[in-house]
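J.: Sequence and predicted structure below; questions after.
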Amino acid sequence: MSTHSEVRDSLDDLLKKGWDVDPLIQDVTLGKVRDMADRTVMVSSVVFHIPYIESESRYVLWKCHWPDCTNCCERQGRLPLTSDDLITIGSGLKYSKTSEFIAAETLTSTWSIQDQAGSAMTSINLKRSDTETADDDGTRIPCRFLGGDGACTLHPGRPGVCYLYPFMTWLENERGFPRIHATFQFTGDCPGFYLGGSIDEMRGVLDEYAAIIADYNMAHARTAREGFGASSAG
C-alpha cells in the first residue's frame, strides 16, 4: 500500500516527465476530492467500481499509454505470483523444478491489505532485481524483465498481477456466492487517468479487463488452495 508521500512523489515524477496530468486527477489520486461517488457497472462476471465526481459530472476513466509509458514496470512495489505463474515463469526461465525456481528467483513477504484494517496477505513474489532482499519489499524497484523497447521479456508469460494494472480486485459474498469486484488503484504512477462523460468511453477496456480479472481471481483461489499464499483477517 502506497503512503501519501509516496503518491505525491510519484505524481511529481510524472509531471517532471512532461505528462499532461489533469489537476483534478491529481487531487483524486491524493484523496482531496470530497464529492466523489462510486458508480458500478457489471461487465461479464465482474463488478467495476468507477469513480464519479459529482460537481464535475465526470467519471474518472483510464487508458494505457504504452509503449510511451512503462511506469507500471519501472515502479513495482512487489510482484505476487500465483501457482500458475510459478509453473509458467519457472519453465520460461529454464528451471526443471518449481522448488528450484522458488528458491532462486523469489522472496516471500507479508503485507497489509489496503482498506482492510487488520487484514494481511502472504505471497511468494518474483524478485524484481537480482539483488532484491526481503527489506526491499514494498519499495519501488524497476523490474529486471523490462526490455529496452518497453516490452516485457517474459511476455506473454509475465505474472498475472501485471495484467491487472491499474485495477485491483477482490471477492465479496453475494447470497452465498463469491462476486468479483474491481476498481482503480491510484498510486500516482500512471498518467493514463482522465475525465470523461460516460463509462461507455472505456467500454472496450472494461470488456478486456473483465476476462483478465476473472482469470486472475480463479488463479489466486487455486494458489491459496495449493498452499502458495495466504490471507488473514485481524
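T.: Great, that's in hand. It should be emphasised that the depicted structure is a prediction, and the values quoted were computed from it without experimental measurement.

J.: Skipping adjacent residues, who's closest to residue 219 in space?
T.: residue 82 (4.1 Å; C-beta to C-beta, 6 or more residues apart in numbering). Yep, even glycine has a C-beta here, placed from its N, CA and C like the rest.

J.: got a list of what the one you found touches?
T.: Contacts for residue 82 were tallied using C-beta atoms under 8 Å, 6 or more residues apart in numbering; they are 159-161, 216, 219-220, 222-223, 228-229.

J.: Could you rerun that using 7 Å?
T.: Contacts of residue 82 were listed using C-beta atoms under 7 Å, 6 or more residues apart in numbering, and they are 160, 219-220, 222-223.

J.: Among these, which are located in helices?
T.: The helices, defined by DSSP state H, take in 160, 219-220, 222-223 from the contacts of residue 82.

J.: Relative to residue 213, how far out is the residue nearest to the spatial centre of the chain?
T.: By C-alpha atoms, centre = their mean, the chain has its centre lying nearest to residue 165, at 3.9 Å. Counting by C-beta to C-beta, to the nearest Å, the gap from residue 165 to residue 213 is 11 Å.

J.: Now do the shared contacts for those two.
T.: Joint contacts of residue 165 and residue 213 (C-beta under 7 Å, 6+ apart) do not exist.

J.: where does residue 2 land on pLDDT?
T.: Note on residue 2: pLDDT of 61.

J.: Just give me the neighbour total for residue 44.
T.: Other residues within reach of residue 44, judged by other C-beta atoms under 10 Å, total 12.

J.: roughly how far apart are the nearest residue in space to it that is not next to it in sequence and residue 179?
T.: Beyond its immediate neighbours in the sequence, the residue positioned closest to residue 44 (C-beta to C-beta, 6+ apart) is residue 210, lying 4.1 Å away. Going from residue 210 to residue 179 by C-beta to C-beta gives 13 Å.

J.: So for the two, which sits in the more crowded spot?
T.: Shown here are residue 210 and residue 179; by other C-beta under 10 Å, residue 210 has more neighbours (19 against 14).

J.: Report the secondary structure state of the more buried one.
T.: Local secondary structure at residue 210 is given as helix here, using DSSP: H, G, I helix; E, B strand; the rest coil.

J.: For it, give me its contacts.
T.: Neighbour list for residue 210: 43-46 [criterion: C-beta under 7 Å, 6+ apart].

J.: Can you show me the strands along this structure?
T.: 36-43, 46-53, 58-62, 106-112, 119-126, 167-174, 177-184, 193-196, 229-233 (DSSP state E).
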